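Trainee: with the input below, show me the fold.
(2 chains)
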2 protein chains.
Amino acid sequence: MSKRLVVALSGGIGGAKLALGLSRILPSDELLVIANTGDDFEHLGLCISPDIDTLIYTLAGINNPVTGWGRRDETWSFMESIGALGGEDWFKLGDRDLALHVERTRRLRMGQTLSEVTSDICRRLGIGARIVPMSEDLVRTRVRSDEGWIDFQDYFVRQQCRPVVHELVFDGAPLARPQADIVAALRSGDVRAVIICPSNPFISIEPILAIPGMRDAIRASGVPVVAVSPIIGGKAVKGPTAKMMRELGLEVSAAGVAARYGDLLDGYVVDHADADGVGKIGAQVTLASTLMTTLHDRETLARATLEAADALVSLR
Amino acid sequence: MSKRLVVALSGGIGGAKLALGLSRILPSDELLVIANTGDDFEHLGLCISPDIDTLIYTLAGINNPVTGWGRRDETWSFMESIGALGGEDWFKLGDRDLALHVERTRRLRMGQTLSEVTSDICRRLGIGARIVPMSEDLVRTRVRSDEGWIDFQDYFVRQQCRPVVHELVFDGAPLARPQADIVAALRSGDVRAVIICPSNPFISIEPILAIPGMRDAIRASGVPVVAVSPIIGGKAVKGPTAKMMRELGLEVSAAGVAARYGDLLDGYVVDHADADGVGKIGAQVTLASTLMTTLHDRETLARATLEAADALVSLR
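Mentor: So this is what the prediction gives:
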């Protein structure tokens, strides 16, 4: 019997698009998505997990396709009201979105783990794939910028990524443990491939890989690790990936992203537009159309990525 | 110089109407409203103070005149969404209303007192009068019914007052202390009158009076205490007052309510429709139109109530 489980590492928007594609071409019990929680924070007394939220909304088909975050058919009465009461209003929480934060916060305060809450909410929203936080332990991405140390959401949302980034650290990561189901899955012998989704490497994927044991567990599973480049034609599709690469002194290219993952990568799916620059990286390169505009694009890229992974196995 | 401060005891809807009337005919620094907090509860992890909320919304002019609770121009996206996530949806929280609960909960968890939070929110919403919780200490109204002991909101909202009431207790009241500003005001020598608003005596006024020292502080102030009857024509205007009186074996009448307040009352404002039954109560009766439909009605009743109190002083 062939190995079945696909393990995907994902942040928010771009990663969630590929995760959706994977969820649509795989049976529901054959996909486990490891979600970055380095962006998580407490705001207005509520526990917010932006990447888990985007994954949930995307896989449940209730995401907002315009913003890339939050829910569709959203209303904003809460936000309109909170400012007048002295509450902070720089982080936009829609009225429907708020239900998830309130319910999650309530359950976490009752003692449920983030995994338990996420799993139950996925089930209630009809999501078959598993979405698992990278760790139950607190990891918080912080940014050393030209304005000093800043909390991630302060940098990312309040300051709209304007400060120049010198360094990113993942507070708590050195003492965090990978979530147990992730470790068990990687050890099960049933993993078909590990997919690194086209998320921002610095703020979405590296926090996951920064957890002690995570990289080793992936390596030790012995399965092909295939990343999908978040860079298309030398530019980021959305978000601050390219700006960050420049500020960190890195080459803004698909090859530059691959270099961050180093020897973890066996395969790398790169857009046709970036074919020229990726000859030298130490992974098997697959050219594909990586811009995911339609649902069909998401499925097609997911299929190409899995085929690239499966081809690596037969090469061995 | 004549005494200036009017101290009003109030629950939600009916009480808030008279409080609004008082706030419109008095300078803003001459009204202090003592709010019942026996109905307060934690729901979905949020700290909710229904009577304070109704008072705030009413005095800020943003109350919902149709329901009698919550805010006008409200939307319900949060409620539509919370059920699908496994959250309880029997207590209706509008999206705008939610902003108050989220912000209050955040501040209470930061260590602010309920008085501080209430006072700051009143200021931000332009409310000049002071709205003060009866106590900083937790007091929780519980209902002994034909279905056993029930938490107040369970009885009041979830079960729509259907169970037969045998007894009401105010958990925590024996150890609670009156809020400090209330005691200071009553001792200031500057109180013109204490007004008991036309709220439900059992669930809105008696929790306030159940706090040790509250009744004594009112008595010791030596100022006229005037209640406004919540019964009109032998019926309650809204809510379960009449049903409760029947179930508790009391006469459903303006006189029956006055009997609950006993010798605390110096004056009693009663609707013309109830003139016949109030001859025997031990307080000076004033007949008035007590149904508050329009804003003008609220102001007129407030004025009549203050005149009744002032008349008691000149009688002495």
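
Trainee: per-residue pLDDT, the residue of the stretch 101-250 of chain A found nearest chain B?
Mentor: At 3.5 Å from chain B, A:R106 is the closest residue in the stretch 101-250 of chain A, using CB to the nearest CB. Glycine gets a C-beta too; all of them are placed from N, C-alpha and C. pLDDT, the model's per-residue confidence, is 96 for A:R106.

Trainee: before we move on, what SS does it have?
Mentor: With DSSP: H, G, I helix; E, B strand; the rest coil as the basis, A:R106 sits in helix.

Trainee: okay, now the nearest residue to it once chain neighbours are set aside: neighbour count?
Mentor: Closest residue to A:R106 apart from its sequence neighbours, by CB to CB, 6 or more residues apart in numbering or on different chains: B:G45 at 3.5 Å. When neighbours are defined as other CB atoms under 10 Å in any protein chain shown, B:G45 has 21 of them.

Trainee: need the next SSE after the host helix or strand of A:V6, C-terminal direction.
Mentor: In this assignment (DSSP states H and E), A:V6 forms part of strand A:5-10. Helices and strands here follow DSSP H and E; after strand A:5-10, the next one along the chain is helix A:13-25.

Trainee: buried ones in that next one?
Mentor: Judged by neighbour count (16 or more other CB atoms under 10 Å in any protein chain shown), helix A:13-25 contains these buried residues: A:13-24.

Trainee: ok, the strand holding A:V6: who's next to it in the sheet?
Mentor: strand A:31-35 (parallel), strand A:191-196 (parallel) (DSSP bridges).

Trainee: compute the inter-axis angle for the shortest one and helix A:13-25.
Mentor: Angle, strand A:31-35 to helix A:13-25, by axes from the mean of the first three to the mean of the last three CA atoms, to 10 degrees: 170 degrees.

Trainee: following strand A:31-35, which helix or strand comes up?
Mentor: That would be, after strand A:31-35 and using DSSP H and E, strand A:41-43.

Trainee: repeat that for the last one.
Mentor: Later in the chain than strand A:191-196, the nearest helix or strand by DSSP H and E is helix A:206-209.

Trainee: so which bits of the stretch 101-250 of chain A are right by chain B?
Mentor: The stretch 101-250 of chain A comes close to chain B at residues A:102-103, A:105-106, A:109, A:120-121, A:124-125, as judged by CB under 8 Å from any CB of the partner chain.

Trainee: now list the buried members of the residues you listed.
Mentor: Neighbour-count burial (16+ other CB under 10 Å) applied to these gives A:102-103, A:105-106, A:120-121, A:125.

Trainee: which ones among those residues map onto helices?
Mentor: A:102-103, A:105-106, A:120-121 (DSSP state H).

Trainee: quick check, nearest of the residues you listed to B:I232?
Mentor: B:I232 lies nearest to A:V102 out of those, by CB to CB, at 39.5 Å.

Trainee: which residues does that closest one contact?
Mentor: A:46, B:44-46, B:78, B:82, B:87, B:102 (CB atoms under 8 Å, 6 or more residues apart in numbering or on different chains).

Trainee: redo those as TSV? Include distance to A:E136.
Mentor: Shown next, in TSV, are these (distance: CB to CB, whole Å):
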residue	distance to A:E136
A:L46	18
B:L44	23
B:G45	19
B:L46	24
B:F78	27
B:I82	24
B:G87	22
B:V102	25
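
Trainee: ok, so of the ones in helices among the buried ones among the residues of the stretch 101-250 of chain A next to chain B, who is nearest A:A184?
Mentor: For those, the nearest to A:A184 is A:D120 (18.9 Å; CB to CB).

Trainee: much appreciated, bye for now.
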